[in-house]
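# mind folding the following:
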Amino acid sequence: MSGQEKHLEDCSVSKSQIPVGIKRKSLAPLVFFGTTGTMLDIIMGITACEREHAERQMQLLEAQNFEAQNFAADASLAETGEDS
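Okay, the predicted model is just below:
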């Protein structure tokens with residue numbers, strides 16, 4: 001193996017980003033930041049879901065208010081038409 005020789009540092013475990021030759025005690029920061037990133041992704045996803053839900057609720061409320069206003073306007077027009 002002349003120019004194609006692989007070193008231990010070049011190998012990785014099943015497409016992960018953790019090199020095989022890394023020392024065990026140095027995995028702690030990787031695990032910490034990896035789990036922290038995952039937790040942040042989950043929290044941001046939940047926050048986005050809550051925001052979308054609130055927006056949908058506001059749209060529904062606005063639609064109900066609009067329908068109620070139209071119904072009230074139609075009822076008042078009908079009453080004035082009957083009086084004349």
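
# low-confidence regions, the chain specifically.
1-25, 79, 81-84 (pLDDT under 70).

# okay, helices next: where are they in it?
Remark: helices assigned in the chain by DSSP state H are 27-83.

# so how far is Ile46 from Glu67?
Distance of Glu67 to Ile46, computed by CB to CB, to the nearest Å: 32 Å. Bear in mind the C-beta positions are built from the backbone N, C-alpha and C, glycine included.

# and Phe33, by the same measure?
Where Ile46 is concerned, Phe33 sits at a distance of 20 Å (CB to CB).

# same question for Met39.
Where Ile46 is concerned, Met39 sits at a distance of 11 Å (CB to CB).

# residues near Gly34, how many?
The number of residues packed near Gly34 is 13, by other CB atoms under 10 Å.

# wait, what's in contact with it?
Applying CB atoms under 8 Å, 6 or more residues apart in numbering, we find Gly34 in contact with no residue.

# list the contacts of Asp41.
Contacts of Asp41 by CB under 8 Å, 6+ apart: none found.

# for it, give its distance to Ala72.
47 Å.

# one more: Leu30?
Counting by CB to CB, the gap from Leu30 to Ala72 is 63 Å.

# kindly report the same for Ile46.
Taking CB to CB, one finds Ile46 at 39 Å from Ala72.

# how about Met58?
Taken as CB to CB, the span from Met58 to Ala72 is 21 Å.

# and for Met39?
For Met39, the distance to Ala72 - CB to CB - is 49 Å.

# do the same with Ala28
65 Å.

# now do Glu55
Taking CB to CB, one finds Glu55 at 26 Å from Ala72.

# repeat that for Thr47.
Thr47 is 37 Å from Ala72, by CB to CB.

# and for Thr80?
13 Å.

# likewise for Phe33?
58 Å.
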